[in-house]
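Coordinates only, no sequence provided:
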């Protein structure tokens, strides 16, 4: 390796290495299972889309390899899990010890006064939800009276709107799921007293959240830090000087950057990379602007794009090859076959990384075969197929 960099200046390649190590996607597999990885990442985004698996399962798989899927669910929502769900980057599962830090977000939502849904009778509806939970214990929206009015998925019932508003403002909390439905409980009952009684100012919360984001990202701009924790950039800029993050410059980045203490030490080590399928909702890639800047990689989730306008596919997953994002795979399953419906190879060595990632993923989801339907560029189809066959034999 070339001479080690100073802590104040990073090349683009060094920034990628720092970020990947901080995200648990290079070097030895993280120890401690999904619960420890959740703490390292500071949050795992949740989404209803399930292709190979749900996104929160894909995040754990990318870092730990072929874990039993039940073990992932147990770590997030089992009886001994120490987690809760709340809004961070988006709807996320979060370490329970971070409950006091999100007071800044709960207060902001309370001050805003409502979500995008309106309650017909806020006081009565909220009081009814609280009373039901107090009397009957934790309940899903369906058990409370129904999540929908009966129309499209976003046409929530009054009780669902009330439950979500109370979740937003910290009266309720979700610490478990049933069939991927949130189970609501009273925060006063479900949050340990030692955490519930902590009172922190907005700036104290912001400092802790920004430091946490810095550790999870390794190196980041103020905007990166803000997106990672769902904070206004102005708030991040206001508190940055009170955090332990170290100012750095990164080659090609137009904005100032900040590194977590010790994050650049990985540059003095030889760290092995991996070949992986990455969920579009993985914290490595959920911020599209950062992904473009860090990897020179353009990615857009096309699940909500009309079929005829899709370029890379419904759930195109970035492929990590060592320290680069080298392509995209839109996967699916037919019976016990993993189908690569569309593969986009974007670098010279992409085919080998994609083939390795597909074969490993197929084993994890108990698929006996891998079929490749379309490859871009088409002339590399035979190359990719041959590599898949090679990895399946090895």
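Thanks, I have the structure now. As the structure is a computational prediction, the values presented were derived from the model and not from experiment. Numbers count the residues shown, from 1 in each chain.

how about the helices in the stretch 201-350 of the chain?
With DSSP state H, counting those that start in this stretch as the definition, the stretch 201-350 of the chain shows helices at residue ranges 202-217, 222-229, 233-239, 288-295, 350-364.

Give the buried residues for stretch 90-106.
If you call a residue buried by 16 or more other C-beta atoms under 10 Å, then stretch 90-106 has these buried ones: 91-96, 98-106. Yep, even glycine has a C-beta here, placed from its N, CA and C like the rest.

Kindly reformat the helices of the stretch 201-350 of the chain as JSON lines containing mean pLDDT, mean neighbour count and distance to residue 334.
Formatted as JSON lines, those follow (pLDDT from 0 to 100; neighbours: other C-beta atoms under 10 Å; distance: least, C-beta to C-beta, whole Å):
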{"stretch": "helix 202-217", "mean pLDDT": "98", "mean neighbour count": "22", "distance to residue 334": "36"}
{"stretch": "helix 222-229", "mean pLDDT": "98", "mean neighbour count": "24", "distance to residue 334": "36"}
{"stretch": "helix 233-239", "mean pLDDT": "98", "mean neighbour count": "17", "distance to residue 334": "44"}
{"stretch": "helix 288-295", "mean pLDDT": "97", "mean neighbour count": "18", "distance to residue 334": "30"}
{"stretch": "helix 350-364", "mean pLDDT": "98", "mean neighbour count": "23", "distance to residue 334": "12"}
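
Tabulate these (JSON lines), appending distance to residue 263.
Compiled in JSON lines, the helices of the stretch 201-350 of the chain are given as follows (distance: least, C-beta to C-beta, whole Å):
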{"stretch": "helix 202-217", "distance to residue 263": "7"}
{"stretch": "helix 222-229", "distance to residue 263": "13"}
{"stretch": "helix 233-239", "distance to residue 263": "17"}
{"stretch": "helix 288-295", "distance to residue 263": "14"}
{"stretch": "helix 350-364", "distance to residue 263": "25"}
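
so which of the ones you listed gets nearest residue 85?
Checking these against residue 85 by C-beta to C-beta gives helix 222-229 as the closest, at 15.0 Å.

which other residues reach that closest one?
The contact list for helix 222-229 (C-beta atoms under 8 Å, 6 or more residues apart in numbering) reads 42-43, 88-89, 209-210, 212-214, 216-217, 220, 231-233, 235-237, 240, 255-256, 258, 283, 287, 289-290.

one more time with 7 Å, if that's ok
By C-beta atoms under 7 Å, 6 or more residues apart in numbering, the residues outside helix 222-229 that reach it are 88-89, 209-210, 213-214, 216-217, 232-233, 236-237, 240, 255, 287, 290.

which among those residues gets closest to residue 168?
Distance ranking of the contacts of helix 222-229 against residue 168, using C-beta to C-beta, places residue 88 first at 12.9 Å.

Could you report the neighbour count for the closest one?
Taking other C-beta atoms under 10 Å as the criterion, the count of residues near residue 88 is 26.

Apart from its neighbours in sequence, what residue is nearest it?
Counting by C-beta to C-beta, 6 or more residues apart in numbering, the nearest residue to residue 88 once its immediate chain neighbours are dropped is residue 43, at 4.5 Å.

Cross-check the contact I'm expecting between the one you found and residue 92.
Yes: proximity of residue 43 to residue 92 meets the contact threshold set by C-beta atoms under 7 Å, at 3.9 Å.

Nearest to residue 17, out of the helices of the stretch 201-350 of the chain?
When the helices of the stretch 201-350 of the chain are compared (using C-beta to C-beta), the closest one is helix 288-295, at 10.7 Å.

Residue 195 - that's part of a helix, no?
Yes: the assignment for residue 195 (DSSP: H, G, I helix; E, B strand; the rest coil) places it in a helix.

how about the closest residue to it other than its chain neighbours, secondary structure?
Setting aside the residues directly before and after it, residue 195 is nearest to residue 99 in space (C-beta to C-beta, 6+ apart), at 4.8 Å. Classification of residue 99 into helix, strand or coil gives helix, according to three-state DSSP.

pretty sure residue 99 is in contact with residue 86, am I right?
No: applying C-beta under 7 Å as the test, residue 99 and residue 86 come out as separate, 8.1 Å apart.

what helix or strand does residue 60 sit in?
Element membership of residue 60 [criterion: DSSP states H and E] is helix 55-64.

meant to ask about residue 189, not that
Secondary structure assigned from DSSP H and E places residue 189 in helix 187-190.

how about that helix: buried residues?
Across helix 187-190, burial judged by 16+ other C-beta under 10 Å covers 187, 190.

And stretch 300-315, by the same measure?
Neighbour counts over stretch 300-315 (16+ other C-beta under 10 Å) mark 301, 302, 312, 313, 314, 315 as buried.

Not counting sequence-adjacent ones, nearest residue to residue 311?
Of all residues apart from its sequence neighbours, residue 302 sits closest to residue 311 (C-beta to C-beta, 6+ apart), at 6.9 Å.

Quick check, that neighbour in contact with residue 314.
Yes: in this structure, residue 302 is within contact of residue 314 by C-beta under 7 Å, at 6.2 Å.

Listing partners with orientation, what would you give for the longest strand seen in the chain?
Using DSSP state E to define each element, the chain has its longest strand at strand 324-334. Using DSSP bridges, strand 324-334 pairs in its sheet with strand 317-322 (antiparallel), strand 337-345 (antiparallel).

Return the distance of it from the chain's centre.
For strand 324-334, the gap between its own C-alpha mean and the chain's C-alpha mean amounts to 17 Å (C-alpha atoms, centre = their mean, to the nearest Å).

Kindly report the same for stretch 311-325.
Per C-alpha atoms, centre = their mean, the displacement of stretch 311-325 from the mean C-alpha position of its chain is 15 Å.

now the end-to-end length of it.
Counting by C-alpha to C-alpha, to the nearest Å, the length from the leading to the trailing residue of stretch 311-325 is 17 Å.

Would you mind pulling the contact partners of stretch 56-75?
For stretch 56-75, contacts defined as C-beta under 7 Å, 6+ apart pick out 24-25, 29-30, 33-35, 37, 44, 46, 52-53, 76, 81, 93, 276, 278-279, 282, 363-364.
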